[in-house]
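Participant: Curious how this folds, go ahead:
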Amino acid sequence: MPYDSIKYEVEGHTATVTLNRPEALNALSPHMITELRAAYAEAENDDRVWLLIVTATGRAFCTGADVKAIPGDGKVLNERPYLSTYEQWEAPQEGTPPFRTMAKPILTAVNGICCGAGLDWVTTSDIVIASDQATFFDPHVSIGLVAGREVVRLARVLPRSVALRMAIMGKHERMSAARAYELGMISEVVEHDRLLERAHEIAALVNRNAPLAVRGTRLAIQKGLDLPLHEAEMLAESFRERVTRTEDALEGPKAFVEKRSPEWQAR
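Facilitator: Below you'll find the predicted structure:
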């Protein structure tokens, strides 16, 4: 489908979603959220795609919800009648990829200002890299709103005291890319002009691995985080067992013995 608030491109086995409202600092409007959900579904359902990159244009990655689109009463806008769909009973996802139900890995490349709902990509993606010009903060309390799921997720990836400081300092303190890397919130800081190039380099390396094994591994980790250790181990073993029944699981050892690169089929 055609998009106007985002760009969607597929090259090889990698799909790239680019937030493309630079004049609004890539703030999330209801229309943009609709387009993002369609793009995520397109990537997940396309057998050619093994990995999804999310990045943005302009000087911001995403500055959260578009304040101009929020009603005066502060209620969340819904395209369907209130509470008529399951997603409306869940925590608002806004631009977040459906990381709990999506099988394919997500790599986020943060190009600039990242705050509010923009932080959701940082806390839910599988790999996060950032430009050396990127900054992170949460402005909710500075505009009279409770910081909700964004900082609850932050508290799972940052030390408690750091997450609390970010949450209650609001817009008055920003975390640099270097500090985010130091704390483990992102895994790499890249020279600004090389960000997208580096994202594709990492994607290409991931895609050299068996795609179904990659999906099973990320699902084991993502879903296991919400479980006690033993149950998480058993879940991971069930995913491992499923993948052993695929053609790729036979191809890997065969290619190793024949001293050649494996030819993955994602089946």
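
Participant: number of nearby residues for residue 26?
Facilitator: Applying the criterion other CB atoms under 10 Å, we find 30 residues in the vicinity of residue 26. C-beta coordinates here come from the backbone N, C-alpha and C atoms, glycine included.

Participant: Hmm, residue 17 and it touching each other?
Facilitator: No: contact status for residue 26 versus residue 17: not in contact, 11.6 Å apart, counting by CB atoms under 8 Å.

Participant: what is the rounded mean pLDDT of stretch 116-126?
Facilitator: In this model, stretch 116-126 has an average pLDDT of 96.

Participant: just how off-centre is it within its chain?
Facilitator: Mean C-alpha position of stretch 116-126 versus that of the full chain (CA atoms, centre = their mean, to the nearest Å) differs by 6 Å.

Participant: Show residues contacting it.
Facilitator: 26, 28, 54, 60-65, 93-97, 99, 105-108, 110, 114, 128, 136, 138-140, 149-150, 153-154, 156-157, 180, 185-186, 218, 222 (CB atoms under 8 Å, 6 or more residues apart in numbering).

Participant: Ok, stretch 147-161 next?
Facilitator: Counting by CB under 8 Å, 6+ apart, the neighbours of stretch 147-161 from elsewhere in the structure are 91-92, 116-117, 119-120, 122-124, 138, 140-141, 163-164, 166-167, 183-185, 225.

Participant: could you flag which of those residues are buried?
Facilitator: 92, 116-117, 119-120, 122-124, 138, 140-141, 163, 166-167, 185 (16 or more other CB atoms under 10 Å).

Participant: and which of those is nearest to residue 196?
Facilitator: Of all the buried ones among the contacts of stretch 147-161, the one with the least separation from residue 196 (CB to CB) is residue 122, at 17.0 Å.

Participant: Quickly find the element holding the closest one.
Facilitator: Assigning secondary structure by DSSP states H and E places residue 122 in helix 119-124.

Participant: moving C-terminal of that helix, what's the next helix or strand?
Facilitator: Counting by DSSP H and E, the element after helix 119-124 in chain order, helix or strand, is strand 127-131.

Participant: Each with direction, which strands does the following helix or strand past that following strand pair with?
Facilitator: Sequence-wise, the next helix or strand downstream of strand 127-131 (DSSP H and E) is strand 135-137. Within its sheet, strand 135-137 is paired with strand 113-115 (parallel), strand 175-176 (antiparallel), according to DSSP bridges.

Participant: tell me the SS of residue 195?
Facilitator: Residue 195 falls in the helix class when you classify it by DSSP: H, G, I helix; E, B strand; the rest coil.

Participant: For the most centrally placed residue in the chain, what are phi and psi?
Facilitator: Using CA atoms, centre = their mean, the residue of the chain that lies closest to the mean C-alpha position is residue 125, 3.2 Å off. Per-residue torsions, residue 125: phi -80, psi 160 (degrees, to the nearest 10).

Participant: what's the answer for residue 95, then?
Facilitator: When read as degrees, to the nearest 10, the backbone of residue 95 gives phi -90, psi 0.

Participant: which residues touch it?
Facilitator: For residue 95, the residues meeting the contact criterion (CB under 8 Å, 6+ apart) are 19, 28, 32-33, 36, 62, 117-118, 120-121.

Participant: how about those residues in JSON lines, adding distance to residue 206?
Facilitator: Compiled in JSON lines, those are given as follows (distance: CB to CB, whole Å):
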{"residue": "19", "distance to residue 206": "22"}
{"residue": "28", "distance to residue 206": "27"}
{"residue": "32", "distance to residue 206": "27"}
{"residue": "33", "distance to residue 206": "27"}
{"residue": "36", "distance to residue 206": "22"}
{"residue": "62", "distance to residue 206": "23"}
{"residue": "117", "distance to residue 206": "26"}
{"residue": "118", "distance to residue 206": "23"}
{"residue": "120", "distance to residue 206": "21"}
{"residue": "121", "distance to residue 206": "17"}
